[in-house]
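In: structural data only, the sequence is not supplied:
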Ligand code: PEP
Ligand code: MG
């Protein structure tokens, strides 16, 4: 099967009925960019910038950040790289960042992390914004914000980056030819205000790892809960279905960048909901592309509609059966 996936590398990611599905990879290290060529992906759909902060003994300075972003962009060439601003804090605590006593957290995943922390400590965010803008000079810069819970947080983060852009512009620095802004949907509350958020974003990326943990109130890392809630549960799929349709109504591109998309059956279900962009772990690109090339998107879409409308309890079993019957 390995040879099969190597052969898959240069084939287009298109369903049997001609629907193009963008396959991007999740990355976080300089070396990860090489995976793009190895697996034949369309770009980096999630670059976790906090990795550099986590592996560093001291706070990475702006120049150091900029070098990393530039290297990744160079390796990606014409392919897009979506940089996610730092998702630190909570359980991804940095040893060199001083915490005060009142910062103890019982629930770090729901705590002072990601955009929440970045907006409060905006020096960090400003430095990162400048590093990204300068690294992407002459290219399109894609930037997205993690753990957006309310539209105004996105607005504030975007304004902060825009302010840095104007600052650089005033100093005649070379800038990106365009900046495209996205929000991650991983806090369920955001789904209720998409009508407010979507007109303001260029794209939406669904982080199913955190989203499912918050939808089911089940710790994503808890071994006793790992098997309990299925990504193919009707609650998650109905939730995603609604989000996808709202994005379509607003003509905003929507993708999935959680681990869910890297599993073939789950990826098939997502395509059945209308998702046309997945960002997944590089090792999954071959298997998922093979699945994409084998299915009829319109058939999967009709099947998903039946299962969701019918309130099917075991969607995993039904999808498995369906796939086995056809192939
Ligand atoms: C997610 O939450 O689904 C996600 C992609 O972000 P991370 O796994 O880095 O929290
Ligand atoms: Mg997340």
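Out: Everything's here; your move. Treat the numbers as computed from the prediction; the structure is a model and nothing was measured. Ligands and ions are numbered 1, 2, ... in the order given.
In: contact partners of the lowest-mean-pLDDT helix or strand in the chain?
Out: Least confident helix or strand, the chain: helix 2-8 with a mean of 76, by mean pLDDT, DSSP states H and E. Under the contact criterion C-beta atoms under 8 Å, 6 or more residues apart in numbering, helix 2-8 has outside partners 40, 285-287, 289-290, 293. All C-beta spots, glycine's among them, are computed from the backbone N, C-alpha and C.
In: ok, then the element right after it?
Out: strand 22-27 (DSSP states H and E).
In: now residue 29. Nearest residue, chain neighbours left out?
Out: residue 51 (5.8 Å; C-beta to C-beta, 6 or more residues apart in numbering).
In: could you measure from that neighbour over to ligand 1?
Out: Residue 51 sits at a distance of 10 Å from ligand 1 (criterion: C-beta to the nearest ligand atom, to the nearest Å).
In: what about that residue, neighbour count?
Out: Residue 51 is flanked by 18 other residues according to other C-beta atoms under 10 Å.
In: cool, and residue 220?
Out: 18.
In: and it, how far is that from residue 304?
Out: 24 Å (C-beta to C-beta, to the nearest Å).
In: cool, residue 119 as well?
Out: Residue 119 is 37 Å from residue 304, by C-beta to C-beta.
In: neighbour count winner among the two?
Out: residue 304 (23 against 16).
In: next, the buried residues of the least confident helix or strand of the chain.
Out: 5, 8 (16 or more other C-beta atoms under 10 Å).
In: contact partners for residue 267?
Out: 260-261, 278, 280, 288, 291-292.
In: and this structure, which residues reach ligand 1?
Out: 46, 48, 87, 186, 207-210, 257-258 (C-beta under 6 Å from any ligand atom).
In: any stretches of the stretch 201-327 of the chain with poor pLDDT?
Out: Within the stretch 201-327 of the chain, no stretch has pLDDT under 70.
In: what segments of it are helices?
Out: In the stretch 201-327 of the chain, the helices defined using DSSP state H, counting those that start in this stretch lie at 208-215, 234-249, 264-272, 285-294, 297-309, 315-326.
In: mean neighbour count, those helices: which tops it?
Out: helix 264-272 (a mean of 23; mean count of other C-beta atoms under 10 Å).
In: of the helices of the stretch 201-327 of the chain, give the one that comes closest to ligand 2.
Out: helix 208-215 (3.7 Å; C-beta to the ion).
In: packing partners for the closest one?
Out: helix 234-249 (3 or more C-beta pairs under 8 Å, 6 or more residues apart in numbering; DSSP states H and E).
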